[in-house]
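**Q** starting from these lines, generate the structure:
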Amino acid sequence: MLKERARLVSGGLRAVDMAMLGVAFPIAYGLRDEYLTGQGHLYPIASYWPLFAATLLVWQLSSRVSGLYGRYRTFSILTELRRLLRAFVVLALIVAAAQFVWKRPERELSRLFFGLYYGVSFALLAGNRITLRLVARAARRRGFNTRTFAVVGTSDMAKGIIQTIAGHPEWGYVFAGYVLEDGEPAPGGARVLGRLDELGQVLEREVLDEVVIGARSARLDRIEEAVRLCEEQGVGVKVLLDFFPNSTSRIAVEELEGLPVLSFATAPTEVAPLAAKRVFDLAVSLTALVLLAPLFLGIALAVKLDSPGPVFFRQRRVGLNGREFWMWKFRSMCVGAEAMLPALAALNETGGPTFKATGDPRVTRVGRWLRRTSLDEFPQFWNVVKGEMSVVGPRPPIPSEVKEYQRWQRRRLSVRPGLTCTWQVSGRSEVDFDRWMELDLHYIDHWSLWHDLSIVLRTIPAVLFGRGAR
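**A** Next up, the predicted model:
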């Protein structure tokens, strides 16, 4: 019921937003053509229809990536406006890039109109959302559009849910009272609707929209019966999962051929943001490979002239969920460097299975410059194109390092490895191994497209100034 209602509201908001994008189009055209310029006029409005069509199309992606049409009751207005702004930033960047690629010199669209259109659109959509929030809040204060719920059990999690909802009256939920489990004492000062074995009568007697069950692993048989009773009377049910109180996984309920499945995942699983990440990876990597081709040729010549051996160095690395692949770099060490590693083990400064040493004698003259500028890593853009790596992600380890990982450290393999990550912008070789692992796990637990973008922007000065490079 709640899910269907949320879908209805989400669909309504999407339809209104599309209408607002349509209304903003002639408004921006009129402002630009009549009021903001004293000379010259825009092309006929029909010339701008491709821009409008592209906007409506790209809006579906940008709003999905920003999570704009998610839960509507429990969003704060500031959170919703931030997501709305993110959606418009993504929209403007994609459409501007497309306009730059496919522009026609004989008919260049007005940049002022472009900016006005998205500015007016954002103002209309933001104003609409604020108005809807104010109207909904006023209605809920008067008892309209509210949902009444009861809670089964008095566990700490059940009480926490009640306190959380009580702190957000704008959500429109009203607490009706407790349904106590057998032998459970009544909490002081709270209304008790009955006992769990009386749930059928409670549902007949009380006006309830939902029942929240504070689940306990020892009461699964009673929970099943309670859910069945609620289903019979058309009352929605939410089950609080306290079976795994210390779990760090994201929990989701899925359906497999009609069978309910409870899934746990620590790595990101959202399809749209991950698809956008892949598009970003391809765009950045292909652009880098094309634009930097002359630089690559110069580096290849320098490597070849500096020391005997191949231009490129390839090495087996461990990627997503333990998949091995060949990672490419410009060669920065002398031939046979890997065979020399055991003799240099005493120089290791990372305190873990990885090897980092100041003044590593295996590094060539050109190699030191390549490492300081991180140019030796640039061939890995090809690994990104192939899908073995990403632009942002934990650095891929070698198989021998993975064998020495502690069990908790293996979780860094749950995402695709990358060219840069938090470690690169936090001092690189100056960060010890344990801290390195913690940074990677923090990245996985808090991943978002915006986090990736911030890491890319922070990587640029880190590379230019060679912070922590060896």
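**Q** what packs against the longest helix along the chain?
**A** Longest helix in the chain by number of residues (criterion: DSSP state H): helix 111-141. In terms of contacts (3 or more Cβ pairs under 8 Å, 6 or more residues apart in numbering; DSSP states H and E), helix 111-141 is packed against helix 2-30, helix 49-65, helix 77-101. For glycine as for every other residue, the C-beta is placed from the backbone atoms N, C-alpha and C.
**Q** and Arg371, which of these is closest to it?
**A** Comparing the helices and strands packed on helix 111-141 by their distance to Arg371 (Cβ to Cβ), the top pick is helix 77-101, with 32.6 Å.
**Q** next, the buried residues of the closest one.
**A** Judged by neighbour count (16 or more other Cβ atoms under 10 Å), helix 77-101 contains these buried residues: 80-81, 83-84, 86-92, 94-95, 99.
**Q** okay, angle between it and helix 111-141 too, please.
**A** Interaxial angle of helix 77-101 relative to helix 111-141 (axes from the mean of the first three to the mean of the last three Cα atoms, to 10 degrees): 160 degrees.
**Q** give me the contacts around helix 77-101.
**A** Outside helix 77-101, the residues that touch it by Cβ atoms under 8 Å, 6 or more residues apart in numbering are 51, 54-55, 58-59, 61-63, 65-68, 109, 114, 118, 121-122, 125-126, 129-130, 133, 450.
**Q** so among the residues you listed, which ones count as buried?
**A** When burial is judged by neighbour count using 16+ other Cβ under 10 Å, the buried members of those are 51, 54-55, 58-59, 61-63, 65-68, 109, 114, 118, 121-122, 125-126, 129, 133.
**Q** next up, phi/psi of Thr364, please.
**A** Geometry field for Thr364 lists phi and psi as phi -80, psi 170, criterion degrees, to the nearest 10.
**Q** how far away is it from Gln380?
**A** Distance of Thr364 to Gln380, computed by Cβ to Cβ, to the nearest Å: 19 Å.
**Q** who has more neighbours, these two?
**A** Residue environment comparison for Thr364 versus Gln380 gives the larger neighbour count to Gln380, 23 against 20, counting by other Cβ atoms under 10 Å.
**Q** in this structure the more buried one contacts Trp326, no?
**A** No: using Cβ atoms under 8 Å, Gln380 is not in contact with Trp326, being 10.7 Å away.
**Q** give me the common contacts of the two.
**A** In the contact map built from Cβ under 8 Å, 6+ apart, no residue is linked to both Gln380 and Trp326.
**Q** pull out the buried positions in stretch 323-339.
**A** Within stretch 323-339, judged by 16+ other Cβ under 10 Å, the buried ones are 325, 327-334, 337.
**Q** in the protein, what helix or strand scores lowest on average pLDDT?
**A** Across the helices and strands of the chain, the lowest-confidence element by mean pLDDT, DSSP states H and E is strand 250-256, at a mean of 68.
**Q** ok now stretch 203-219, how far from the chain's centre?
**A** Mean C-alpha position of stretch 203-219 versus that of the full chain (Cα atoms, centre = their mean, to the nearest Å) differs by 33 Å.
**Q** swap in stretch 458-466?
**A** 24 Å.
**Q** re the thing from before, and the two most separated of the buried residues of stretch 323-339?
**A** Considering Cβ to Cβ, no two members of the buried residues of stretch 323-339 lie farther apart than Phe325 and Cys334, which are separated by 24.4 Å.
**Q** extract the residue ranges of the stretch 201-350 of the chain that are flagged as low pLDDT.
**A** Where the stretch 201-350 of the chain drops to pLDDT under 70, the residues are 215-220, 241-249, 251-260, 262, 346, 348-350.
**Q** what about the strands in it?
**A** Taking DSSP state E, counting those that start in this stretch to define them, one finds strands in the stretch 201-350 of the chain at 210-214, 236-240, 250-256, 259-265, 312-318, 324-330.
**Q** which helices and strands sit right next to the second one?
**A** Going back to what we said before, that points to strand 236-240. Contacts defined by 3+ Cβ pairs under 8 Å, 6+ apart place strand 236-240 against helix 156-166, strand 210-214, helix 220-232.
**Q** any idea how far the spatially closest residue to Arg365 that is not a sequence neighbour is from Val366?
**A** The spatial neighbour of Arg365 that comes closest, neighbours along the chain excluded (Cβ to Cβ, 6 or more residues apart in numbering), is Asp306 at 5.7 Å. Distance of Asp306 to Val366, computed by Cβ to Cβ: 4 Å.
**Q** tell me which of these two has more neighbours.
**A** For Asp306 versus Val366, the count of surrounding residues by other Cβ under 10 Å is larger for Val366: 21 against 17.
**Q** and the host helix or strand of that one, how far out from the chain middle?
**A** Assessed by DSSP states H and E, Val366 sits inside helix 365-373. A distance of 34 Å separates the C-alpha centroid of helix 365-373 from that of its chain, computed with Cα atoms, centre = their mean.
**Q** using CSV, write out every CA atom in it.
**A** Extracted C-alpha coordinates of helix 365-373, given in CSV (Å, rounded to 0.1, in the frame of the first residue of the first chain):
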residue,chain,number,x,y,z
ARG,A,365,65.6,8.3,-13.9
VAL,A,366,62.6,8.9,-16.2
GLY,A,367,60.6,6.6,-13.9
ARG,A,368,61.1,8.9,-10.9
TRP,A,369,59.7,11.8,-12.9
LEU,A,370,56.8,9.6,-14.1
ARG,A,371,55.9,8.5,-10.6
ARG,A,372,56.2,12.0,-9.2
THR,A,373,53.7,13.3,-11.8
